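*Asks:* structure for this input, please:
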Amino acid sequence: RYVPSDVAGFGRDDATDLTLKWSFGFPASTRARSQPTIAMGAVFVGSQDGTVYAFDLETGCARWTFTASAEVRTGIVLADSQAEGQPPLAFFGDILARVYALNALTGELLWTLKADDHPSATLTGTPAWHENTLFVPVSSLEVIPAADPAYECCTFRGSLLSLRAADGAVNWRHYTIADEPVEVSRTSVGTRVLAPSGAPTWTSPTVDARRGLVYIGTGENYSSPADGNSDAILAIDLATGERAWTRQSTAGDAWNVACMMADNPNCPPEDGPDYDHGSSILLVSNSQGKDLLIAGHKNGTIFGLDPDEEGALVWQNRVGRGSIQGGVHFGLAAAEGRVYAPINDMNNTYNGDYLDPAKA
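*Replies:* Modelled structure (predicted):
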């Protein structure tokens, strides 16, 4: 995150003087993956056991809590209700692919829906709100059951869901892969292979109001043959959900967890490299006032792209070696002419074993 010092009220030199004001330990949790949202004098955050909290910013006391069906990984999106006299709204998703809308002042449930009926569907990317519309990126965990040689891989397709914020009514759904998966072959043990599949979108969408577009990044295909929608940046019309353009960063990428196990027949022939777009696309302006899209890739490359030329490459810089667990994962940021890229350069094991720290 970036906050100018004049807004934050302190600068870099003051950081060493900070002291703890309050803290809170999430019950029954071993991890915290929901990015806090601060507004209205409160901190809104989800947790591993499915509890969503609104903490008082000054005291750390909970103003309200809400219990979702499962872990909440997404951030909490806040928006003013456009209906006169109605309270502000809070939106988020859980790992069972349910979307929720709450009264942001009380935590009261206003509506909820299942974003995707696929049994492996999940929500990890924070929804984006724009002009009374909620854009929900849909991912999945189907790469995991695909490790079973008897599992028919795969049937999930990533998507972006456009919802009416007031009541959750669906405006449109855009699948990252237009065609439904069909049987294309059999593995060496006779299990059906279905394709095309995958291309999940597991980071937050980026709204470009001036161009009337929303951008998402996709992950790998789960089964072979790989298609042109995986490891790609998609530009989608805000109003209609139609694809405006596609810019693929890595072609021929099909991968699932079977590829981490020796001789597992469910590993696609491509065997990766599993180079998703693992961070939200940034829309920024350079020093000449020209808009750029900044995209991070799990191969360790940062791309600068032209949104007016269908994502044409302006520059690229490989800042990490990349791997299944490597490259850019979440957290890409830009400010004052600089791009800040988090890099995870962990090596692959290819056999499901824990990684030897000496070889990381």
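
*Asks:* I'd like the average pLDDT over stretch 95-113.
*Replies:* The average pLDDT within stretch 95-113 is 98.

*Asks:* need the contact partners of it.
*Replies:* Under the contact criterion CB atoms under 8 Å, 6 or more residues apart in numbering, stretch 95-113 has outside partners 40, 44, 52, 54, 63-66, 68-73, 78, 87-94, 114-116, 118, 121-124, 127, 134, 136, 138, 161, 163, 165, 167-168. For every residue, glycine as well, the C-beta is placed using N, CA and C.

*Asks:* Phe92 and Phe44, how far apart?
*Replies:* Distance from Phe92 to Phe44, counting by CB to CB, to the nearest Å: 9 Å.

*Asks:* so who does the residue nearest to Ser47 when sequence neighbours are not counted touch?
*Replies:* In space, and not counting its chain neighbours, Ser47 is closest to Phe26: 4.4 Å by CB to CB, 6 or more residues apart in numbering. Contacts for Phe26 (CB under 8 Å, 6+ apart) come out as 32, 47-49, 51.

*Asks:* then Leu57?
*Replies:* Contacts of Leu57 (CB under 8 Å, 6+ apart): 38, 41-43.

*Asks:* the same query, at a cut-off of 6 Å, please.
*Replies:* For Leu57, the contact set (CB atoms under 6 Å, 6 or more residues apart in numbering) comprises 41-43.

*Asks:* over to Glu270?
*Replies:* Contacts of Glu270 by CB under 6 Å, 6+ apart are 224, 226, 252, 254.

*Asks:* let me see the confidence value for the second one.
*Replies:* With respect to pLDDT, Ala226 scores 97.

*Asks:* hang on, the earlier thing: got the contacts of Phe26 as CSV, with distance to Tyr175 and pLDDT columns?
*Replies:* Supplementary listing: the contacts of Phe26 in CSV, determined by distance: CB to CB, whole Å; pLDDT from 0 to 100:
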residue, distance to Tyr175, pLDDT
Ala32, 32, 92
Ser47, 31, 97
Gln48, 30, 97
Asp49, 32, 96
Thr51, 32, 98
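
*Asks:* in PyMOL, select just the buried ones from those residues.
*Replies:* If you want just the buried ones from the contacts of Phe26 in PyMOL, going by 16 or more other CB atoms under 10 Å, the selection is:
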select buried, resi 47+48+51
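
*Asks:* could you pull out the strands for the stretch 251-360 of the chain?
*Replies:* Applying DSSP state E, counting those that start in this stretch to the stretch 251-360 of the chain gives strands spanning 282-285, 291-296, 301-306, 312-318, 333-335, 338-340.

*Asks:* relative to Tyr151, which of those is closest?
*Replies:* With CB to CB as the criterion, Tyr151 lies closest to strand 291-296 of these, at 30.5 Å.

*Asks:* pLDDT on the closest one, on average?
*Replies:* For strand 291-296, the per-residue pLDDT averages 96.

*Asks:* that strand pairs with which strands, parallel or anti?
*Replies:* Using DSSP bridges, the strands paired with strand 291-296 are strand 282-285 (antiparallel), strand 301-306 (antiparallel).

*Asks:* so how far is it off the chain centroid?
*Replies:* Distance, stretch centre to chain centre, for strand 291-296: 16 Å (CA atoms, centre = their mean, to the nearest Å).

*Asks:* then it to PDB, C-alphas only?
*Replies:* This file holds the C-alpha atoms of strand 291-296, laid out as PDB (Å, rounded to 0.1, in the frame of the first residue of the first chain):
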ATOM      1  CA  ASP A 291      -1.600   5.400 -19.400                       C
ATOM      2  CA  LEU A 292       0.100   2.100 -18.800                       C
ATOM      3  CA  LEU A 293      -1.000  -1.300 -17.600                       C
ATOM      4  CA  ILE A 294       1.500  -2.900 -15.200                       C
ATOM      5  CA  ALA A 295       1.300  -6.700 -14.900                       C
ATOM      6  CA  GLY A 296       3.300  -9.100 -12.800                       C
END
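
*Asks:* please shift the residue numbers so they start at 14 in all later answers.
*Replies:* All set: I'll call the first residue 14, so the last point we hit is now strand 304-309.

*Asks:* outside of it, which residues touch it?
*Replies:* Here strand 304-309 makes contact (CB under 6 Å, 6+ apart) with 246, 290, 292, 294-295, 297-299, 315-318, 320, 341, 345, 347, 352, 354.

*Asks:* how about stretch 220-229?
*Replies:* Under the contact criterion CB under 6 Å, 6+ apart, stretch 220-229 has outside partners 141, 143, 148, 150, 173, 214, 218-219, 247-249, 251, 257, 294, 296.
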